[in-house]
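Peer 1: for reference, the sequence and a predicted model appear below.
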Amino acid sequence: MSNVETLATHRTQGGTLRYCRHDSASTGTPMKFTMWTPDGEGPFPYLVWLSGLTCTEDNFTTKSGVYAHAARHGVAIVAPDTSPRGEGVADDPAYDLGQGAGFYVDATQAPWAPHFKMYSYVTQDLLEAVDGAFPLDPARRGIFGHSMGGHGALTIALRNPELFKSVSAFSPIVSPLNCPWGEKAMTAYLGPARAAWWAHDATALIEDGAGAAFDEILIDQGLADSFLENQLKPQLIEAAAAKAGRRVTVRRQDGYDHSYFFIATFIGEHMAWHAERL
Ligand SMILES: N[C@@H](CCC(=O)N[C@@H](CS)C(=O)NCC(=O)O)C(=O)O
């Protein structure tokens with residue numbers, strides 16, 4: 001029995017885009033997501049998109065241009081919000097902590113622990129809800145994301161290779177253990193003991209041999225991205241992959257920044273890459 005409520009429906013790119021809301025047991029709040037499905041009966045292969053800091057379910061939906069490519073490949077797309085929200089939910093005035101900055105972890109620390117359970121939300125509640133409500137094929141599911149959401153996609157896939165057949169990322173945070181965004185968020189959500197962060201660090205997970213079933217991981221990174229040197233550091237995951245004998249392909253794109261203009265430029269290539277694997 002599905003508890004998914006449809007808030008709005010739009011026809012676009014030869015398919016149907018729905019804005020949806022459902023109750024999450026993990027976050028203890030209503031959560032929003034968008035779902036685009038191709039025409040036809042399905043079941044459709046699908047991709048989960050995880051967005052970055054300050055985003056809601058709407059940023060990727062309106063800015064990436066993904067649905068024309070999704071239609072060409074017959075792949076459905078679900079894009080959830082990036083954190084629990086609401087008056088009873090903890091928040092922080094900074095853009096990189098609290099609402100809009102869930103970091104796809106299950107918080108253990110006050111005041112975040114009661115609702116900030118985005119790891120469980122994505123891996124359990126979201127997948128159960130969309131698999132129950134739409135004609136999707138759970139055996140042909142992939143995941144991708146941007147920045148904080150690239151970190152979410154990488155860590156969630158590496159820890160749950162049985163749930164996903166493919167994983168890629170745009171400008172991901174590859175090692176929260178080694179950047180200011182990660183250190184701030186992990187300290188707040190998981191506490192100062194860094195051992196608790198390793199399970200949420202894509203570079204550490206590659207070093208540990210997690211998710212070896214993925215034949216390749218694709219990362220696109222703009223070279224004019226103002227967060228590249230201080231926060232994103234893709235060379236860290238490249239070095240871990242080289243040491244572990246794993247294929248992590250980082251494509252450095254000259255002149256592109258951190259924005260959705262960059263994502264929109266290469267989203268078609270990511271869709272084709274996933275479609276081959278799904
Ligand atoms: N200083 C920026 C940092 C946040 C940022 O760049 N967010 C990226 C993801 S890490 C984003 O996708 N922003 C929303 C958008 O461009 O639509 C801000 O506050 O907007």
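Peer 2: Right, received. Where do you want to start?
Peer 1: rest of the way, CA atoms for contacts and neighbours
Peer 2: Will do.
Peer 1: what helix or strand does the closest residue to Thr123 other than its chain neighbours sit in?
Peer 2: Nearest non-adjacent residue to Thr123, counting by Cα to Cα, 6 or more residues apart in numbering: Ile156, 7.5 Å away. Per DSSP states H and E: Ile156 is located in helix 148-159.
Peer 1: helix or strand right after that helix?
Peer 2: strand 166-170.
Peer 1: partner strands of that next one and their direction?
Peer 2: strand 136-146 (parallel), strand 217-222 (parallel) (DSSP bridges).
Peer 1: include mean pLDDT and mean neighbour count when you put those strands into TSV, please.
Peer 2: Compiled in TSV, the strands paired with strand 166-170 are given as follows (pLDDT from 0 to 100; neighbours: other Cα atoms under 10 Å):
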stretch	mean pLDDT	mean neighbour count
strand 136-146	98	23
strand 217-222	98	21
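Peer 1: and the residue nearest to Gly255 when sequence neighbours are not counted, its phi and psi?
Peer 2: Nearest non-adjacent residue to Gly255, counting by Cα to Cα, 6+ apart: Ala224, 5.0 Å away. When read as degrees, to the nearest 10, the backbone of Ala224 gives phi -100, psi 20.
Peer 1: so how far is Glu269 from the residue in the stretch 151-278 of the chain that the ligand sits nearest to?
Peer 2: Nearest residue of the stretch 151-278 of the chain to the ligand: Ser259, at 5.2 Å (Cα to the nearest ligand atom). The gap separating Ser259 from Glu269 is 17 Å, by Cα to Cα, to the nearest Å.
Peer 1: Val4 too?
Peer 2: 31 Å.
Peer 1: swap in Gly100?
Peer 2: For Gly100 relative to Glu269 (Cα to Cα), the value is 27 Å.
Peer 1: so which of the two has more stuff around it?
Peer 2: Gly100 (21 against 12; other Cα atoms under 10 Å).
Peer 1: if we can go back for a sec, hang on, the residue nearest to Thr123 packs against Gln124?
Peer 2: No - in this structure Ile156 lies outside contact range of Gln124 using Cα atoms under 8 Å: 11.2 Å.
Peer 1: quick check, Arg236 in a helix?
Peer 2: Let me fix one detail, which is that residue 236 is Leu and not Arg. Yes - checked against DSSP: H, G, I helix; E, B strand; the rest coil, Leu236 lies within a helix.
Peer 1: can you give me the neighbour number for whatever residue of the chain ends up closest to the ligand?
Peer 2: Closest contact between the chain and the ligand, by Cα to the nearest ligand atom, is at Gly52 (3.7 Å). Gly52 has 27 neighbours, counted by other Cα under 10 Å.
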